[in-house]
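[1] show me how the following folds:
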Amino acid sequence: MTTWTYHLPDVLLAALSYLVVARLVLLPLAVHNPVVRTLAALTAPIVAAMAAITPRLVPRAGLLIAALAWLYAARIILRVGIAATGVRLG
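    Alright, predicted model coming up:
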């Protein structure tokens, strides 16, 4: 696999996206649940970065949706960059 430098960031962004989706789905559960606490700890850096550029009026669920949108935008930008280099990932 010679294109691992392209696949690794894409897989990491996908994994972070799925973690944010899982945290969004499990948001109504109790905070003392170990699964919810683990997801919150794993996604805390992403949510903190989004909180820095998002107005404080946005609720927590809206902040998670914004984080998800930025992660997918980053994946699209990565794919466009890969396509611009002429590398075929197929």
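[2] CA atoms for contacts and neighbours, from now on please.
    OK.
[3] what is the rounded mean pLDDT of stretch 55-74?
    Taken as a whole, stretch 55-74 has a mean pLDDT of 89.
[4] check which residues of that stretch are buried.
    Leu63, Leu64, Ile65, Ala66, Ala67, Leu68, Leu71, Tyr72, Ala74 (16 or more other Cα atoms under 10 Å).
[5] return the residues in contact with the residue nearest the centre of the chain.
    Against the mean C-alpha coordinate of the chain, by Cα atoms, centre = their mean, the closest residue is Ser17 at 3.4 Å. Going by Cα atoms under 8 Å, 6 or more residues apart in numbering, Ser17 touches Leu68, Leu71, Tyr72.
[6] gap between the first one and Leu57?
    So the one you mean is Leu68. 18 Å (Cα to Cα, to the nearest Å).
[7] on that earlier part again, can you classify the residue nearest to the centre of the chain as helix, strand or coil?
    Three-state call for Ser17 (DSSP: H, G, I helix; E, B strand; the rest coil): helix.
[8] pLDDT at it, what is it?
    Per-residue confidence (pLDDT) for Ser17: 95.
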